[in-house]
Each structure stands twice: as C-alpha cells, then as structure tokens.
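# fold the following.
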Amino acid sequence: MKRAFFALFLFSLAAAAFCLEPVGMTVPFSMNAGLKTESAGSTDVVAFPDSSFVKVHFENLELDEGDSLILSDGKVTVATVTGPFSGGMWLPSVATGAAHLTLESEGKSGNARYTVDKVGVGFFAGHEPESVCGSDDRRNAVCYDSQMQTFGLPVGRMLFSDGAGWYLCTGSLVSPNGHFLTNNHCIEEEYGASTLEVWWDYKAATCGGSSGEYDRVTTGSTFLTTNATLDFTLLQISDSTLYDRYGYLKIAARNPVKGESIWIP
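I've put the predicted structure just below:
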C-alpha cells in the first residue's frame, strides 16, 4: 500500500536574535498510518515539493518486537527505527521534498502505527561568513591532506529548532563521552537540544565542489549548561560510537601563545 500526501507552502520568517538566519519552519501536519494484521508493510509519503528538506515529527510511534519504521528519500534509506518503541520523536531530515515512511513487521502483529502532527520544511541556501580576518583563503576540507582532514572529523553540522524556525550552526565533540560544544546564540535551552540533528563528516565531495555529503546523522541531545556572556552551550549526545569514529577536539587549559596556530572549528 502506498499513499502520498502533498502540500504547497509559502512562508517568511523574521530574523532571529543574534542574526541567525532561519532555513525553515515547522508547519502543522496530520497523518495516521498503521499495519493491519494481514499486512506485511505499507508506505506513506509526506511531500512538500517546494522544500529542499522535510523533517517529520511523530506525536506517537508504536512498534512491537519485529516491527520497524524505515525513513527514506524514495531511493536511499536515511534512518531505521526498530521496535520495541513507544513515544514521540523527530526523525532525521530528508534532503529532498518528500519523506517516505515505511512500516514493516516480521511478526505481523498488527500493532505498528504512527501519528504525524508536524513537519519541518525549508531551504538550505548558501551561507557566507559575516567577516574574515585578513585574506580569505578558505578551501574545502577535501583539498587538504588526510591528517588535516582528521582534525575536522569531530565537527558536526547542526540543524535544530528554536520556536517555529529551523536553523543551522556547527558544534564539536570535546570529550570521549559525547560532550558537544556549540554556541549559546545557537542553542540556549532544552527544546533546541532535543530537536538537534547533527551531520557528521559533512563536506564537499571534491576540492572545487559545492554539493555536500555526510557520513552519518545523529538526532537529539541532552542539555547540560550554557553561558550567554561567554557564548557557549555544552550538550551531550548519547551515541557511544561517536568517539571511536570521529575522536574529539581537546581544549587546552591555558591561554594561547602569540604566533601559534589555533583550531577554530
């Protein structure tokens, strides 16, 4: 069974504090789906043709042992949620205008179901830095040798919600236990942390390229502390495999020395 739900949208967002530029917004969306006892699977499509990403929120997702929810862009699987699971959650974003949601059940229990109550939609546009000190000699990460590229592995590209808007920022792993450091002007409270999506090893595929690829994605984080004056927020991501896969940036417990190179994630 396959059903498609289409919506067109037009929206504008006021500039947020600290000059963060919104890339999208959350819109209400109502959809219910479930497996019948005699059905082995069903697929529904949440489609916003004018959007460059779709991020689905489940008000409730119910999966028994042997049940699974598969998120894809219609060709490539983005994420899989396996049962048992019961509760609400944000799925990772799909970088197209349509999110395909497939329910499957090996045991055919007939209990797998979900309710969608809202969707994040918007556009990923190119962003330029507000200022550059000296000459602008930035290059894509892939332009550097493998050792230099390793330094960038603990840095993640963030997508998160603040109110009705969705925003982009960056943050870095700073411990082997999933501690993730970003700015207060990006995330300043628990809600933003709970909606966080991080793309890891996000980079251009070629030295002169512009399209991005990424290794994997994590969703959600725990809010630990923040400081508006020093403009930092410390979160924790529960995925225990991040350290083994990407390492972390070590923070020196000293002031910088004049003339030395420093890492600005």
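
# so which residue is smack in the middle of the chain?
residue 197 (2.3 Å; CA atoms, centre = their mean).

# thought it was touching residue 156?
No: assessed by CB atoms under 8 Å, residue 197 is found out of contact with residue 156, at 9.3 Å. To be clear about C-beta, it is placed using only N, CA and C from the backbone, and glycine gets the same treatment.

# intersection of neighbour lists for the two?
Counting by CB atoms under 8 Å, 6 or more residues apart in numbering, the contacts common to residue 197 and residue 156 are residue 218.

# any idea how far residue 55 is from residue 120?
Between residue 55 and residue 120 the computed distance is 4 Å (CB to CB, to the nearest Å).

# joint contacts of the two?
Residues touching both residue 55 and residue 120 (CB under 8 Å, 6+ apart) are 24, 90, 93, 166.

# so where's the stretch 151-265 of the chain shaky on pLDDT?
The model of the stretch 151-265 of the chain has pLDDT under 70 over residues 211, 265.

# can you give me the strands in it?
Per DSSP state E, counting those that start in this stretch, the stretch 151-265 of the chain carries strands over the ranges 155-162, 165-173, 179-182, 197-200, 203-204, 212-213, 216-219, 222-227, 232-236.

# redo those strands as JSON lines? Include distance to residue 244.
Converted to JSON lines, these look like this (distance: least, CB to CB, whole Å):
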{"stretch": "strand 155-162", "distance to residue 244": "15"}
{"stretch": "strand 165-173", "distance to residue 244": "11"}
{"stretch": "strand 179-182", "distance to residue 244": "15"}
{"stretch": "strand 197-200", "distance to residue 244": "12"}
{"stretch": "strand 203-204", "distance to residue 244": "20"}
{"stretch": "strand 212-213", "distance to residue 244": "21"}
{"stretch": "strand 216-219", "distance to residue 244": "12"}
{"stretch": "strand 222-227", "distance to residue 244": "20"}
{"stretch": "strand 232-236", "distance to residue 244": "17"}
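
# ok, which of those strands comes nearest residue 143?
Nearest to residue 143 among the strands of the stretch 151-265 of the chain is strand 203-204 (8.8 Å), distances taken as CB to CB.

# so which residues make contact with that closest one?
Contacts of strand 203-204 (CB under 8 Å, 6+ apart): 140-142, 152, 210-214.

# just the buried residues from the residues you listed, in PyMOL please.
Selection of the buried residues among the contacts of strand 203-204 in PyMOL, burial being defined by 16 or more other CB atoms under 10 Å:
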select buried, resi 141+142+152
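
# in TSV, list the contacts of strand 203-204 along with distance to residue 85.
Shown next, in TSV, are the contacts of strand 203-204 (distance: CB to CB, whole Å):
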residue	distance to residue 85
140	38
141	35
142	37
152	33
210	37
211	33
212	30
213	29
214	25
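
# closest one of the contacts of strand 203-204 to residue 60?
For these, the nearest to residue 60 is residue 214 (28.9 Å; CB to CB).

# isn't the closest one up against residue 157?
Yes: contact criterion CB under 8 Å: residue 214 and residue 157 qualify, at 7.3 Å.

# now the common contact residues for these two.
199, 202.

# follow-up on the earlier one: neighbour count winner among residue 55 and residue 120?
residue 120 (28 against 25; other CB atoms under 10 Å).
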